[in-house]
Every structure is written in structure tokens, then in C-alpha cells.
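>>> have a look; sequence and predicted model below, questions after that.
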Amino acid sequence: MGGSNILYMPPSPPPPAWAKRVVWYQIFVERFRNGDPNNDPTPATMFAASAGWPVPKDWTITPWTWDWYAQEPWAKNSGRPYYETLEHRRYGGDLQGVLDKLDYLKQLGVTALYFNPLNDAPSLHKYDARSYHHIDVTFGPDPVGDLQLIAQENPADPATWRWTAADKLFLKLIAEAHRRGMKVVLDYSWNHTGVEFWAWQDVVKNQAKSAYKDWYEITAFDDPATPANEFRYRGWADLASLPEIKKVHLPKPRVSGYPFEGDIAAGPKAHIEAVSKRWLAPDGDTARGLDGYRLDVADQIPMGFWRDYFRFVKNVKPSAYLVGEIWWRKWPNHLMDPAPYTGEAGIFDAVMFYQIYKPARSFFGAVTDSITAQQFRDSVTFQWDRLPDATRRAMMNVSATHDTPRLLTCLDNPGPYKVGASGRDNNAYNTGPPRDDTRRRAALYRLWEYTTIGAPHIWNGDELGMWGADDPECRKPLWWPDLEGFQAESPAPGHAGRAAPVAADKALNEQYRVLAKLRRENPTLVNGELNFLPSGRDRVLLYERRDAQERIVVALNTSTRPLTITLPGDGKYRVLHTTGTPARNQNGRRLTLPALSGTALQHRP
């Protein structure tokens with residue numbers, strides 16, 4: 001029998017079973033809570049050129065309750081504009097602050113934590129890694145000691161790696177989260193490092209003689225025989241502070257927003273695998289390790305690397321969850337197709353499902369690109385039909401993240417999604433408190449999110465009623481109700497208006513708890529099929545979640561006036577949840593939904 005040139009690829013395993021059941025909570029540690037003031041960042045732990053100018057000599061940590069739009073004394077003294085000085089602002093959030101709030105998160109109904117990058121890095125956002133394999137020194141209890149310990153390692157040799165105090169505190173956090181029934185997923189960018197990364201520093205010093213010269217996308221080395229510096233390289237999004245890891249074996253030029261074949265260089269690939277294994281199985285024990293990874297700018301990395309990475313991670317920990325950031329094909333109107341990255345592709349278990357949120361915003365929000373219930377149904381069905389059933393259920397159904405306006409602010413502003421959505425880009429953009437009707441619309445959206453297919457997701461602080469425009473304004477420190485002295489928030493620079501009082505919205509916080517309880521106590525909302533039902537109304541979305549044991553019908557009215565619909569079946573329903581004024585049931589099957597309200601009903605045969 002003749003041979004074959006076809007490479008056999010075994011079927012990819014389905015997403016881990018736990019992924020469809022969780023309620024995600026995303027934590028941006030520096031702005032979550034300052035649990036240990038003794039480890040606060042200092043100019044020595046910050047990158048002096050992160051904003052293109054040195055950290056001022058009179059720089060200080062910013063008080064947690066500071067007016068977000070006010071410049072600190074050091075910022076005013078710099079003479080630089082507000083948004084530029086924000087690059088140096090730090091509040092001191094740390095891992096102890098997260099540990100202190102784990103019981104709060106459990107009471108909120110959270111069962112999975114997604115951390116933005118924790119790797120040691122000089123910036124606020126931590127996507128500019130100084131070291132992949134260590135937790136940021138200012139997130140742990142001993143920054144000075146950790147830096148000394150790190151200096152004793154050979155970062156290229158995993159056999160020399162030690163556990164710093166910050167590393168150990170993160171392992172403790174994982175253990176405490178697991179003890180409370182929570183999974184833990186960590187964010188990494190394998191596409192680029194920071195300029196303080198140890199391998200990059202060697203390249204800068206030794207140029208073409210560096211052992212790591214093939215790790216990066218370098219277009220020209222410096223010629224020591226000339227006075228000019230000819231050193232040139234590719235930075236992600238043309239940012240010199242984020243040198244890109246080298247892509248190899250590309251059969252054709254890559255096109256942004258589309259998957260492409262190839263790999264990354266062997267050196268960084270081996271290092272990435274060693275780092276990933278370190279956190280999945282600390283000292284060989286997967287029970288003590290992470291439950292997966294969120295992968296940043298995943299569309300910028302070749303598919304060949306991702307296939308190998310998927311197999312590597314699943315071999316270390318079969319129950320691990322990999323979720324990719326697959327976002328814009330062409331901003332601002334076209335999102336990427338998640339199908340090539342999921343299912344049998346063997347790339348990710350799921351993606352951050354912005355593809356579902358964008359049409360949801362158009363249906364639930366009072367926006368210029370508003371759509372009807374039928375159009376929303378068609379949009380959602382189109383996205384789901386591209387994916388296997390297990391993948392749909394494992395999706396991370398994001399609404400707001402560190403890269404978008406907060407949910408309340410996003411629904412409050414009528415313009416297109418992510419367009420002019422920042423206080424610095426658009427003077428007409430509402431950066432302050434949302435309108436009352438927006439809060440009601442957000443309640444409708446949340447009822448959809450907790451009763452639809454896929455796992456709901458909370459961007460830290462949304463459950464406290466926080467508002468905020470696009471990055472950097474979505475990254476305010478959280479409005480914890482036990483902290484006193486929050487200053488009123490001034491209008492954004494260049495914006496008119498009065499200072500707005502800020503405080504945690506305790507009633508909203510309770511709504512999140514109730515929705516998590518609703519989902520937890522009704523497994524049909526996780527395992528059941530979802531069928532859209534005709535409502536006869538453009539502004540009413542009607543659907544059921546159904547399995548062999550139970551039927552739950554959800555009706556959502558996004559109109560500003562009451563609407564009456566007919567429920568399916570015989571009219572024997574029990575109210576499970578309502579938003580706003582409770583719905584009124586007439587003669588069993590006739591249901592009048594007040595303006596901007598929704599309800600979930602359990603059918604009782």
C-alpha cells in the first residue's frame with residue numbers, strides 16, 4: 001500500500017466541563033484593592049520611559065479615594081497634560097487585596113477568576129513583561145527581596161528559577177480560591193515582551209552577537225563603526241516599548257484580523273512552555289496550579305504555535321481552559337470569526353465573546369445602531385451556528401473589560417461601539433453617571449447574560465455600579481463600600497458638568513448576587529437548549545431554556561412603553577426573577593411587561 005503525505009491530527013478534546021458552569025470575574029490587580037501598603041510601587045520598580053518621560057522626583061502613590069480626574073501635586077508640577085500623567089499613576093493594588101476579598105467574591109456568586117497579567121513588569125498594565133516566570137514584585141510582600149532573588153537566577157534556565165515571595169503569595173491565592181470552589185485563569189501575552197525583559201536587554205547590549213537575537217523581529221542591528229544607532233525592530237502596534245517575538249515559517253504575509261499559519265522562534269517557544277508548565281503544575285503538582293490561560297492579542301500569533309501550545313497545555317493539565325482574545329477584523333465595524341480558533345481547530349477552548357456583546361449592545365442600549373429583537377436573534381444565531389455546541393457553552397461572554405468602556409457607560413452613550421468612547425477623544429461622550437433608564441437597560445442585559453448560553457463575565461467594579469469610558473477611564477480603583485472619603489469625581493478634562501459623588505451601588509451588587517443564585521439553582525440555564533420564541537413585538541426578546549426536567553421562559557422588553565405578549569404553553573408559570581416593576585400576568589398566558597423590564601418564568605406542568 002502506498003504511503004500518505006497527510007498528517008493525522010487526533011480530534012481535539014472538548015472544552016473542560018467546568019467552563020460552562022462558571023461566573024467569571026476579571027481582576028485588574030493594581031486597581032482592585034490595596035491590601036498591603038508596604039509593597040506599593042516606587043520609581044525604582046517603574047519604567048522611567050513608560051510615558052516617554054522620567055518618573056518625577058516628587059512622585060507619590062495616589063490615594064485610593066482620590067478624584068479620578070484631578071491631577072496629583074507631582075502631576076501638576078510636571079506641567080504635562082492629565083492623560084499623559086496617568087501613565088505614572090499608581091494606587092498600590094496587590095494580591096493581598098484580592099485575598100482579602102475572596103469571600104466577597106464567593107458571596108457575589110463568582111466561581112472563576114480571570115487575572116489580567118501578573119507577570120513582573122514596570123507598567124500599570126503588565127503586558128510589557130520584565131519576566132514571564134515571576135509575579136510582579138509589587139504585588140507581593142517583599143519587592144526588594146524578590147528583586148535580589150531574581151537577580152541570582154539564570155532566567156534562560158528553568159532549573160535555576162526560584163519561588164519569590166510574590167510567587168508564593170499567588171500560589172496561596174490559588175489555593176484559597178480553589179478551597180472556595182473557584183477556578184483561576186491568568187492572562188499572558190506571548191506576542192511580545194517589554195524592553196526590560198532579560199532576553200531583550202541582552203539583545204540591546206550585544207546586538208548581533210546576542211544569544212537571543214533570533215527571539216525578536218529585528219530588522220537592523222547597530223553598526224558600531226558608525227556614530228548613528230541603526231538598531232531597528234518591530235514593536236507590537238508600532239510601540240517601541242513592546243518588541244515582538246519573532247514569527248517563523250510563515251507561508252505568506254500575514255493580514256491583520258485573519259488567522260495565519262506559521263510558528264514563533266524556537267527559543268521563546270521553549271521558554272513560554274516552561275513558564276506555562278510552572279504555573280499549571282507548580283513543582284509538578286497540578287492541584288496547586290492554574291486552571292488555564294487567557295491569551296492576549298492571539299490573532300497576532302501563528303496558528304501553528306497555537307496548535308502546539310494547546311496540545312502542550314492539555315498534556316500538562318487536561319482540565320485547563322484556554323481562552324483567546326480574538327477581536328477586530330477591521331475596526332470599528334467588523335469583528336473576527338472565532339470559528340477557526342475553536343472546536344476541532346485545537347487552538348482554544350473559547351474566545352472572549354465580544355461577537356455576542358456587540359449586537360447585544362445594539363438591542364439593549366439606546367444607541368444609534370439600534371436593532372430589533374429579530375435582528376438580535378439573527379445575529380446571535382449566526383454566531384452560535386459557527387461553533388460546536390460545547391464551544392458555545394464554554395464561551396466567556398464578556399461585556400466590559402480593561403479594553404472597553406464599563407457596561408453602564410457603554411450602554412449610556414449612543415454612538416457606535418468603541419468609537420469615540422473616551423473622555424479624551426470625544427467631548428460629547430458621557431464619562432460620568434449614567435441615566436436612570438440606562439441602569440434599567442443594563443439590568444435587562446444582565447438578565448440576558450445570566451440566562452443565555454455561555455458563561456457570564458463581570459469586569460471588576462461593574463457590580464459596584466462604577467462608570468467609566470474606554471481605557472484608561474475603565475481602570476479606576478474600585479469603589480469599595482468599606483472605604484471612606486471618596487472624593488467627588490470632576491468632569492473629564494474639556495467636559496462640562498458638575499462633580500459627581502461616587503459610592504458603591506449596594507442594590508446593584510445585590511442584583512448580581514441574585515442572578516448568580518438564579519443560574520446556580522436552575523441547571524437548565526447552563527445545560528438546557530435555548531429556543532427563541534415569537535413575541536410579535538420588535539422590542540421584546542422572548543426565549544426559553546429547556547431540558548427534560550424544566551422549562552424557563554425569559555421575556556425582555558427594551559421598549560420605553562409597556563408591551564403585552566402571549567406566553568407559550570398553558571400559562572402555568574412561577575416568577576423566578578424580574579427587573580424593575582414586576583411583570584403582570586393576565587389570564588395565565590397574557591403577560592404585560594412594563595417599559596424597560598424583563599422577567600424569567602418557570603413553567604409548571
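Noted; the coordinates are in hand.
>>> where does the prediction get shaky in the chain?
1-10, 48-51, 586 (pLDDT under 70).
>>> now do the contacts for the residue most central in space within it.
What sits nearest the mean C-alpha location of the chain, by CA atoms, centre = their mean, is residue 401, with 4.7 Å. The contact partners of residue 401, taken as CB atoms under 8 Å, 6 or more residues apart in numbering, are 26, 352, 459, 474. Where you see a C-beta, it was placed from the backbone N, CA and C, and this is true even at glycine.
>>> tell me which of those is nearest to residue 265?
residue 352 (26.6 Å; CB to CB).
>>> okay, now that closest one: neighbour count?
A count of neighbours around residue 352, defined by other CB atoms under 10 Å, yields 27.
>>> what is the neighbour count of the residue nearest to it when sequence neighbours are not counted?
Leaving aside its chain neighbours, residue 352 sits nearest to residue 398 (4.8 Å; criterion: CB to CB, 6 or more residues apart in numbering). For residue 398, the count of nearby residues is 27 (other CB under 10 Å).
>>> unless I'm mixing things up, residue 398 is touching residue 353, no?
Yes. With contacts counted by CB atoms under 8 Å, residue 398 reaches residue 353, the gap being 6.3 Å.
>>> all strands of the stretch 301-450 of the chain, in order?
Ranges of strands in the stretch 301-450 of the chain, per DSSP state E, counting those that start in this stretch, are 321-324, 328-330, 334-335, 350-351, 396-397.
>>> out of the ones you listed, nearest to residue 595?
strand 396-397 (25.6 Å).
>>> list the helices and strands the closest one packs on?
Using 3 or more CB pairs under 8 Å, 6 or more residues apart in numbering; DSSP states H and E, the elements in contact with strand 396-397 are strand 455-459.
>>> just checking: what are the partner strands of the strand it packs on?
strand 24-27 (parallel), strand 396-397 (parallel) (DSSP bridges).
>>> quick one: which of the contacts of residue 401 is nearest to residue 173?
The nearest one, if we look at the contacts of residue 401 relative to residue 173 and count by CB to CB, is residue 26, at 15.1 Å.
>>> now residue 493: how far from residue 83?
Per CB to CB, to the nearest Å, residue 493 is found 7 Å from residue 83.
>>> joint contacts of these two?
residue 424.
>>> where along the stretch 251-400 of the chain do the helices fall?
266-280, 303-316, 354-364, 373-385, 389-394 (DSSP state H, counting those that start in this stretch).
>>> of all these, which one is nearest residue 43?
Per CB to CB, nearest to residue 43 of the helices of the stretch 251-400 of the chain: helix 266-280, 27.6 Å.
>>> want to throw the helices of the stretch 251-400 of the chain into TSV with distance to residue 561?
Output for the helices of the stretch 251-400 of the chain, formatted as TSV (distance: least, CB to CB, whole Å):
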stretch	distance to residue 561
helix 266-280	53
helix 303-316	49
helix 354-364	16
helix 373-385	15
helix 389-394	33
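>>> returning to that earlier point: which of the strands of the stretch 301-450 of the chain is buried the deepest?
strand 350-351 (a mean of 29; mean count of other CB atoms under 10 Å).
>>> which neighbours in the sheet does that one have, and how are they oriented?
For strand 350-351, pairing defined by DSSP bridges yields strand 321-324 (parallel).
>>> need the residues that contact the strand it pairs with.
Against strand 321-324 from outside (CB under 8 Å, 6+ apart): 15-16, 18-19, 183, 185, 291-295, 298-299, 306, 309-310, 313, 341, 347-352, 394, 396.
>>> distance from that strand to the middle of the chain?
11 Å (CA atoms, centre = their mean, to the nearest Å).
>>> how about stretch 465-473: buried residues?
For stretch 465-473, the neighbour count (16 or more other CB atoms under 10 Å) marks 465, 466, 467, 468, 469, 470, 472, 473 as buried.
>>> could you identify the most distant pair in these?
465 and 472 (19.5 Å).
>>> ok, which of the helices of the stretch 251-400 of the chain comes nearest residue 193?
helix 266-280 (8.4 Å).
>>> relative to helix 303-316, how tilted is that closest one?
30 degrees (axes from the mean of the first three to the mean of the last three CA atoms, to 10 degrees).
>>> who touches helix 266-280?
132-133, 156, 158, 161, 186, 188, 190, 199, 212, 214-215, 245-246, 263-264, 286, 289-290, 293, 305, 308-309, 312-313, 316-317, 320.
>>> repeat that for 6 Å
If you take CB atoms under 6 Å, 6 or more residues apart in numbering as the criterion, helix 266-280 is touched by 132, 133, 158, 190, 215, 245, 289, 290, 312, 316, 317.
>>> quick one: buried residues of it?
267-269, 271-280.
>>> now render the residues you listed as JSON lines, adding distance to residue 581.
Shown next, in JSON lines, are these (distance: CB to CB, whole Å):
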{"residue": "267", "distance to residue 581": "62"}
{"residue": "268", "distance to residue 581": "57"}
{"residue": "269", "distance to residue 581": "57"}
{"residue": "271", "distance to residue 581": "58"}
{"residue": "272", "distance to residue 581": "53"}
{"residue": "273", "distance to residue 581": "55"}
{"residue": "274", "distance to residue 581": "57"}
{"residue": "275", "distance to residue 581": "52"}
{"residue": "276", "distance to residue 581": "50"}
{"residue": "277", "distance to residue 581": "54"}
{"residue": "278", "distance to residue 581": "53"}
{"residue": "279", "distance to residue 581": "48"}
{"residue": "280", "distance to residue 581": "49"}
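>>> and for residue 374, the neighbour number?
Residue 374 has 14 nearby residues by other CB under 10 Å.
>>> ok, now how distant is residue 39 from residue 145?
For residue 39, the distance to residue 145 - CB to CB - is 11 Å.
>>> quick one, what contacts residue 354?
By CB under 6 Å, 6+ apart, the residues touching residue 354 are residue 327.
>>> let's see that with 8 Å instead.
Residues near residue 354 by CB under 8 Å, 6+ apart: 327, 335, 398.
>>> swap in residue 473?
With CB under 8 Å, 6+ apart, residue 473 has these contacts: 68, 405, 422, 423, 431, 492.
>>> for residue 470, see how far away the last one is.
Right, residue 492. Applying CB to CB to residue 492 and residue 470 gives a distance of 12 Å.
>>> which stretches of the stretch 101-250 of the chain form helices?
102-108, 143-151, 165-179, 198-206.
>>> tell me the most buried of those?
By mean count of other CB under 10 Å, those have helix 165-179 as the most buried, with a mean of 19.
>>> elements contacting that one?
helix 95-100, helix 102-108, strand 131-135, helix 143-151, strand 183-188.
>>> go through those and name the closest to residue 224.
For the helices and strands packed on helix 165-179, proximity to residue 224 was assessed by CB to CB; helix 143-151 is nearest, at 27.8 Å.
>>> ramachandran coordinates for residue 229?
phi -100, psi 110 (degrees, to the nearest 10).
>>> give me the nearest residue to it, chain neighbours excluded.
Using CB to CB, 6+ apart, the nearest residue to residue 229 is residue 222, at 5.3 Å.
>>> and that neighbour, how many neighbours does it have?
14.
>>> show me what contacts it?
Contacts of residue 222 (CB under 8 Å, 6+ apart): 207, 229, 230, 231.
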